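Visitor: no FASTA, just this:
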C-alpha cells in the first residue's frame, strides 16, 4: 500500500491549490487538451472554475499528489488530519513566508523543549510548521 493522494475539501479549489503549490514549491497540474475537453463536457470552460484541482510534487519524489475538491459544506471544526511542514529555513522565516502567501498563525506551541507553529491556510485548514534540522554552512 501507498498513499496516492491527500484530498482537501474546500469552498474554492483553484486559489487554495495555488496557495499550497506556492507553499510547498510544487506545481498545479497543467491543463492539457484532454483535461480541458473533460471539463468542457461538464460545462466548465475556465480552469479557474475547476471544482477539483491537483497539485503535483516534484517528479520522482515518491510523494502523493494533493487534490483540492470543492464541497458545499463550510468547515465547522478542527481538522482531524493535518499536514506538518518542516521549515527549510528558520521556523520564523517560514511562518512569515507562509503569511505572505495568505496563511495565518493560529498559535505557537511548545512541548518538551520543541516549538512549532499551528497555522491556517487561506480557507481555514490547520497545518503545522516545525523546525528543520540546522544546516551547517
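Guide: Ah, there it is. Bear in mind the structure is a predicted one, so any value in this text is a computation, not a measurement.
Visitor: Grab the nearest non-local neighbour of the most centrally placed residue in the chain.
Guide: Nearest to the mean C-alpha position of the chain, by Cα atoms, centre = their mean, lies residue 20 at 3.2 Å. Leaving aside its chain neighbours, residue 20 sits nearest to residue 55 (5.4 Å; criterion: Cβ to Cβ, 6 or more residues apart in numbering). The C-beta positions use only the backbone N, C-alpha and C, and glycine is treated the same way.
Visitor: for the one you found, what are its contacts?
Guide: 17, 20, 21, 24, 26, 27, 28, 29, 65, 66, 67, 68 (Cβ atoms under 8 Å, 6 or more residues apart in numbering).
Visitor: Include distance to residue 90 when you put those into CSV, please.
Guide: Formatted as CSV, these follow (distance: Cβ to Cβ, whole Å):
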residue, distance to residue 90
17, 27
20, 21
21, 23
24, 18
26, 22
27, 25
28, 27
29, 31
65, 29
66, 25
67, 31
68, 28
